[in-house]
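[1] sharing a model that was predicted from the sequence below.
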Amino acid sequence: MAHAHLVGLIADTHDNRASVEKSVALFNRKEVGLVVHAGDFIAPFNARWMADLNAPMVGVFGNNDGERFGLRAQFESLGPIHRAPHAFDCEGRRLLVMHEPDEVDALAESGAYDVIVYGHTHEIDVRHGDTLVVNPGEAGGWVTGRCTVGLLDLENLQIEIVDI
């Protein structure tokens, strides 16, 4: 039984098959109810590595996601990929997912969102306030050498960053 209140956060997978598969295994083991991908999937064939995901996914395109038609088509069975920013409601919380951190501070200060998830910088960023701001770091690990994802509890807005 999936935990609807638990959300898996992932960004900047950048074609790293091993880390994508480990992320999916973690999300399935933790029985997340949703996975949010903050962009930079890169190639459409990444969908094959995420095919075993037991939860729906919602994502946004990153600056390196050039083959948008192919990405949308390949990920269709997992969930939609939107142009960033993309706002949606989940378990009574208002979430905003984006790739690049432009205007993150202003958006957080607006009070319009409970959680803002972004990627792009490849650096972990967790800021608690009226709005929780999270960059789960890079799942691909190409820049920092560290592959990380996030586990977000929507009930208490607690975030755990996990090395994969």
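    Good, I have the coordinates.
[2] can you list the buried residues in stretch 96-103?
    Burial within stretch 96-103, assessed by neighbour count using 16 or more other Cβ atoms under 10 Å, is assigned to 96, 97, 98, 99, 100, 101. (Glycine included, C-beta is placed from N, CA and C.)
[3] and of those residues, the nearest to residue 134?
    Ranked by distance to residue 134 (Cβ to Cβ), those are led by residue 97 at 10.0 Å.
[4] save the buried residues of stretch 96-103 as TSV, and put in pLDDT too.
    What follows is these, written out as TSV (pLDDT from 0 to 100):
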residue	pLDDT
96	98
97	98
98	98
99	98
100	97
101	96
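[5] then stretch 76-95 to CSV, C-alphas only?
    What follows is stretch 76-95, C-alpha atoms only, in CSV (Å, rounded to 0.1, in the frame of the first residue of the first chain):
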residue,chain,number,x,y,z
GLU,A,76,3.5,9.0,-20.9
SER,A,77,2.8,5.8,-18.9
LEU,A,78,4.7,7.1,-15.9
GLY,A,79,3.3,10.6,-15.8
PRO,A,80,3.3,14.0,-17.5
ILE,A,81,6.3,16.2,-18.0
HIS,A,82,5.4,19.9,-18.0
ARG,A,83,7.1,23.1,-18.9
ALA,A,84,8.4,24.7,-15.8
PRO,A,85,7.2,26.0,-13.5
HIS,A,86,4.3,23.6,-12.8
ALA,A,87,2.0,24.0,-9.8
PHE,A,88,-0.3,21.3,-8.5
ASP,A,89,-2.0,20.1,-5.3
CYS,A,90,-1.2,16.9,-3.5
GLU,A,91,-2.6,15.7,-0.2
GLY,A,92,-3.9,19.1,0.6
ARG,A,93,-0.6,20.8,-0.1
ARG,A,94,0.3,23.2,-2.9
LEU,A,95,3.5,22.3,-4.7
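[6] element containing the residue nearest to residue 88 when sequence neighbours are not counted, please.
    Distances taken as Cβ to Cβ, 6 or more residues apart in numbering put residue 95 closest to residue 88, at 5.8 Å, once the chain neighbours are dropped. Following DSSP states H and E, one finds residue 95 within strand 93-97.
[7] just checking, next helix/strand downstream of that strand?
    Heading C-terminal from strand 93-97, the first helix or strand you meet, by DSSP H and E, is helix 104-110.
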